[in-house]
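[1] give me the fold of what follows.
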Amino acid sequence: MKTNRIANENREEIVKAIKSFFKEEYKTEVKVHNIVGNVDGATVMVESIGEPHFYTYAVIPINKKIEEIYSDKVFSQQGQVESVIIAGLYGLIKKEEFQNLTNLIEDLNEKYNLTGLNEEAIPIGANRFSNQYYFVSIGDLNSFNHVLKEYIEDPNRSQEEWLELMNVQNIDFKKMIIAIKLYMASSNVDPNKKALDELIQAIESSNNIPNGNYQLILNDNLIHKEDANGYKENSLEKIDLLKK
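    Predicted coordinates for the structure are as follows:
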């Protein structure tokens with residue numbers, strides 16, 4: 001794709017424009033990962049620096065005819081960055097509980113020879129608060145408008161301040177999606193139903209992991225490199241496992 005070549009040849013200019021966009025629009029410092037050409041520009045995957053931590057993206061237009069980068073016209077899709085900011089803040093105020101969730105998953109991985117994404121693949125999806133095992137997404141952004149306003153005014157608040165501002169008691173956890181995606185560590189092995197059943201039971205019985213609407217998927221070992229996704233016909237899943 002022509003825009004891919006143009007973007008790579010002008011990477012330094014694009015990185016500068018994207019960093020400036022996030023700093024001006026969201027008061028957030030980011031580092032740039034992938035830059036991928038699209039029909040009329042380039043999609044730029046970024047990771048926030050510091051906390052709250054999240055991955056997201058922005059788009060920079062490119063004029064293919066004259067091969068010009070429009071550095072002053074960077075934009076994000078409506079609600080995209082705002083949603084991941086809230087997910088990142090939820091990850092921050094529930095930091096210890098998310099670590100407990102990670103530990104729970106890693107114990108299961110060791111028992112059943114499972115794995116998550118290679119950490120290098122996480123920024124490819126470039127979306128949400130996430131690690132190699134799960135990501136968090138927000139289904140009801142409107143209820144957090146007051147939090148977004150506070151973030152733009154001052155993103156450098158303490159965990160305690162964000163906990164108070166987010167008012168966890170009023171969160172609709174049906175719309176706080178925690179998606180866990182695991183993979184068989186060995187090749188040519190179908191997803192293990194016993195492993196998924198034990199994960200379901202562990203989440204249901206745990207009282208020290210984040211509240212949310214859990215979506216569980218266990219795939220085999222094959223992952224599409226283009227989008228870091230491994231879902232196929234033989235994948236096992238459990239959706240709408242609500243924990244509140």
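
[2] which SSE is residue 194 in?
    Residue 194 belongs to helix 193-205 when assigned by DSSP states H and E.

[3] hey, C-alpha coordinates of that helix in CSV?
    The C-alpha coordinates for helix 193-205 follow below in CSV (Å, rounded to 0.1, in the frame of the first residue of the first chain):
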residue,chain,number,x,y,z
LYS,A,193,-12.4,-27.8,28.0
LYS,A,194,-11.4,-28.8,31.4
ALA,A,195,-9.1,-25.8,31.6
LEU,A,196,-11.8,-23.4,30.6
ASP,A,197,-14.2,-25.0,33.1
GLU,A,198,-11.7,-24.5,35.9
LEU,A,199,-11.1,-20.9,34.9
ILE,A,200,-14.9,-20.3,35.0
GLN,A,201,-15.0,-21.8,38.5
ALA,A,202,-12.0,-19.8,39.7
ILE,A,203,-13.5,-16.5,38.6
GLU,A,204,-16.9,-17.3,40.1
SER,A,205,-15.3,-18.3,43.5
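
[4] give me the buried positions along it.
    Within helix 193-205, the residues that qualify as buried are 195-196, 199, 203, counting by 16 or more other CB atoms under 10 Å. Where you see a C-beta, it was placed from the backbone N, CA and C, and this is true even at glycine.

[5] let's have those in a markdown table, adding pLDDT.
    Listed next are those as a markdown table, based on pLDDT from 0 to 100:
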| residue | pLDDT |
| --- | --- |
| 195 | 97 |
| 196 | 97 |
| 199 | 97 |
| 203 | 97 |
